[in-house]
Every structure is written in C-alpha cells, then in structure tokens.
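Q: what follows is a protein structure lacking sequence information:
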C-alpha cells in the first residue's frame, strides 16, 4: 500500500509552530479543533491509500489492465465519459485535496486575528495557493485529454502526468507545471491594467518582467495564434472576449481612448463576468480559470468567435512539448 502525501515537510513545520504559539496563548480549543480536523484528514488519506496503486497491473476476468491501458483509455475518451475511466483513487484523491484546502483555510481563520502571526499567515496563504494550482493543473491536463485538436503525443504526456498526480496527489507529476501556473498568476497580480486600447501590449511587457525562465520561454517561442492572443487578453484584463469587443466598440463610438473601472462597470450594466483585483483569495484564481474555461468550451460548441482554449492550457501544452 502506497500512502498519498498528506503533509509536506514545510507544512508539518508550520503546523508545529502554529500549535506552539496557540499553546502559549492558552487557546486550547483552537488547538483541539486543528488536531481533530487533522486526524480526520489523515484518516481520509489513509482510506484512499488502501485502494490499489494506479501503477499496478491487474487481471479482471478476461481483461488485463495496467498503467499503459489506463493512459490509452484516457487519451481515447471524448470528455463526456472520461470520469467513468478515472480510477476511484483519483476521484477520491481530488476530494481529499479540497478537504486539505478547507483545512488550511480553517487555520487561516484561526490565526487571522494576530498581527504577530503575519509571517505565518503568509506561509498558510502560500500553501493554499500551492493546493489551488495543483487542482488547476489537474483540470488543465483533463482539458488537454478531451481537446480533439491536441496531438496524441501530447495527450499521452498529459495522461502520464495525471496518473502520477492521482497516485500521490502533491508534487508528483505536476512539479514542472503547477509552479508555472502559479508564476504566471503571480506576475499577473503585479499588473496594473490600462483600460485604453485593450491591446494588452503594455500589460504583456509588465507581465514579462516577473516571469520565470520556463514561462518566459513560452512567450518567446510560442506561435501567437489568434486563439492565444484572445485568451491572453482575457487573462490580462479580467474581461471576457465578448466584453472586450463591446467595450472597444463603445469607446470607438464615444471617441474615447481609455476607460475607468467605474465606466467599465457602468457600460457592462454592473460587475463584469470576472475582473479580479490584487491580493485575491486563492480560490478566486481557480474560479477565474474555470469560468474562462467554460466560456471557451461553449464557444467551441457554438462555433462562435473568441478563444477556444484558456491561456493556462496554451501554456501547459507548451510545457508538455518542451518536457
């Protein structure tokens, strides 16, 4: 039986420091809550680990299954039936990761009232981001598998990374991918979008100054297709392709060359579909990605204009090709 990773070394060290601080503050009820939820989380992880390894070979009646047959099945699915070919360990493991996310959110609330724990709160925030981007990486891998335009070679690479992620849940299979997603999101957080021509040139220059070599290499080498350009604009401005078209048309009719946040909201009759600010909750990263991804799939099915892939999927395909 192979245990999935429950806590990494830095997470265990952080939990010890937080418990020590709470002990000094005589906050035993908070310590008890953290410990009881930790015990429950460890129990979930152990129960998932009871399931056979995804890498095991098994004969069931007249059929034979191993990691290679799983990869082939994953690559052959059209998306609608993918869930029926996912190992139970993979489905439960994702639920475990969400449970772990909620566990650290609980801890963030417990220590939120202490200025003295500002550094610890930042470390908890980093853990939350790591979990969110691991979940996001899994979603992007799945999107690659069901994307009919992606080559079999890249689908196989995505499927292999997925099986490693499903087996251990953290660090395995996404070590070259989740950090790249986190990096491009971190770079976006430092942006100050200018809602002028909405071309994204100045925003892209700002973005490039905060990218790591892997992500920077993507922007230098990739062929900037119309789909990628539109997906990048959505990512940079926090506006849908359709909203950007409408705002450009409105500016042209008004004879304007820029818009304020307030004017954008007024023109869009309220809050835009997604317009994120700095220092957002990590869950908003995931929500922003899922919303853009759903919109891209709708455009694909409806055969309408606009990006059919998210920026994250474009980036992941590049990383898979280079890996």
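A: Ah, there it is. From a predicted model like this one, the values you see are computed outputs, not experimental measurements. Numbering: from 1, shown residues only.
Q: next one: stretch 25-44 to chain centre, how far?
A: Distance of stretch 25-44 from the chain centroid (C-alpha atoms, centre = their mean, to the nearest Å) equals 27 Å.
Q: hang on, I meant stretch 181-188
A: The answer for stretch 181-188 is 11 Å, by C-alpha atoms, centre = their mean.
Q: just the mean pLDDT for that stretch, thanks.
A: Across stretch 181-188, pLDDT averages out at 83.
Q: buried sites along that stretch?
A: For stretch 181-188, burial by neighbour count (16 or more other C-beta atoms under 10 Å) applies to 181, 182, 183, 184, 185, 187, 188. Heads up, the C-betas are built off the backbone N, CA and C, glycines and all.
Q: same deal with stretch 97-105?
A: So for stretch 97-105, counting by 16+ other C-beta under 10 Å, buried means 97, 100, 101, 103, 104, 105.
Q: hmm, the fifth one is touching residue 128, no?
A: Looking back up the chat, that one is residue 104. Yes - the pair residue 104 / residue 128 is scored as a contact, 5.5 Å apart, by C-beta atoms under 8 Å.
Q: so residue 15 versus residue 103, what's the distance?
A: Look at residue 15 and residue 103: by C-beta to C-beta, to the nearest Å, they are 10 Å apart.
Q: could you report the neighbour count for residue 164?
A: Neighbours of residue 164 under the rule other C-beta atoms under 10 Å: 18.
Q: pLDDT value on residue 70, please?
A: What the model reports as pLDDT for residue 70 is 80.
Q: surely residue 21 touches residue 119?
A: No - with contact defined as C-beta under 8 Å, residue 21 does not reach residue 119; the gap is 11.1 Å.
Q: among those two, which residue is more densely surrounded?
A: More crowded of residue 21 and residue 119, by other C-beta under 10 Å: residue 21, with 16 against 8.
Q: host element of the more buried one?
A: For residue 21, the host element (DSSP states H and E) is helix 9-24.
Q: equivalent analysis for residue 265, please.
A: Per DSSP H and E: helix 261-267 holds residue 265.
Q: who are the packing partners of that helix?
A: On a contact count with 3 or more C-beta pairs under 8 Å, 6 or more residues apart in numbering; DSSP states H and E, helix 261-267 meets helix 241-254.
Q: what's the neighbour count on residue 50?
A: Neighbour count of residue 50, defined by other C-beta under 10 Å: 9.
Q: for residue 93, see how far away it is.
A: For residue 50, the distance to residue 93 (C-beta to C-beta) stands at 12 Å.
Q: now swap in residue 111 and tell me
A: With C-beta to C-beta as the criterion, residue 111 and residue 93 are 27 Å apart.
Q: neighbour count: the two, which is higher?
A: Shown here are residue 111 and residue 93; by other C-beta under 10 Å, residue 93 has more neighbours (26 against 19).
Q: surely that one meets residue 162?
A: No - when contacts are counted by C-beta under 8 Å, residue 93 is not listed as touching residue 162 (11.0 Å).
Q: got the residue ranges for the strands in the stretch 51-200 of the chain?
A: Using DSSP state E, counting those that start in this stretch, the strands of the stretch 51-200 of the chain run over 58-60, 63-65.
Q: hmm, residue 139 and residue 290 touching each other?
A: Yes - Residue 290 is within contact range of residue 139, at 7.2 Å (criterion: C-beta under 8 Å).
Q: the two - which one has more neighbours?
A: residue 139 (18 against 14).
Q: so who does the more buried one touch?
A: Neighbouring residues of residue 139 by C-beta atoms under 8 Å, 6 or more residues apart in numbering: 289, 290, 293.
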